[in-house]
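Asker: Quick one, structure for this:
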Amino acid sequence: MTRARDVSTPTALVLLNSTTFTATSTININSCFSDTYENYRVMVSFSNLNSSTVTFRFRTGTTDNSTGGYIGRFFGTADAATGATRNSNATAFYTGDPSTYGGQVIEILSPQKAQRTHFFIASTQFASAASGVALTGGGMFNGDTVFDGFSLLGTANMTGTIRIYGMRN
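Answerer: Predicted coordinates for the structure are as follows:
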């Protein structure tokens with residue numbers, strides 16, 4: 001049986017922060033996770049991306065957690081090739097090998113709780129209309145650390161917009 005959505009109920013996603021970044025190799029977002037929301041969606045739109053790899057780290061205060069607790073599994077399709085990538089006890093989550101343009105949707109479950117924090121991603125990266133990558137995957141931080149922010153780390157200058165949404169239960 002399908003239940004109709006109550007139109008008087010506000011949308012499930014609430015915009016918490018929108019940040020534009022220009023020519024940076026690191027994007028630090030502090031104090032965006034709180035007890036107000038249990039789960040979060042992060043949407044990143046890259047308008048210029050010269051980075052060969054982008055990774056994701058959780059933060060507490062203004063400090064990245066770079067311990068070896070990141071575990072992930074990712075599947076990508078690049079032009080005519082496909083393949084799987086995994087990381088275990090890594091110092092960050094892999095989120096893609098961008099070229100020039102791209103976007104990422106990252107969902108984060110319970111980062112503000114003292115339990116394992118789970119992570120899901122869908123990502124696209126394109127150098128041109130004829131050359132691109134689509135990536136999906138997920139993982140977890142294998143520890144009971146409470147996080148209140150995150151960083152996106154690249155190897156060169158990134159330009160674009162990042163939006164953080166809280167998800168209503």
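Asker: Give me the neighbour count for residue 37.
Answerer: 21 (other Cβ atoms under 10 Å). To be clear about C-beta, it is placed using only N, CA and C from the backbone, and glycine gets the same treatment.
Asker: Same question for residue 47.
Answerer: Counted with other Cβ under 10 Å, residue 47 comes out at 15.
Asker: Residue 131 now?
Answerer: Residue 131 has 12 nearby residues by other Cβ under 10 Å.
Asker: and the closest residue to it other than its chain neighbours, how many residues sit next to it?
Answerer: Closest residue in space to residue 131, ignoring its immediate chain neighbours: residue 79 at 6.0 Å, by Cβ to Cβ, 6 or more residues apart in numbering. Using other Cβ under 10 Å, residue 79 has 10 neighbouring residues.
Asker: for residue 16, same thing?
Answerer: 19.
Asker: secondary structure element for the spatially closest residue to it that is not a sequence neighbour?
Answerer: Of all residues not flanking residue 16 in the chain, residue 164 sits nearest, at 4.9 Å (Cβ to Cβ, 6+ apart). Using DSSP states H and E, the element containing residue 164 is strand 149-167.
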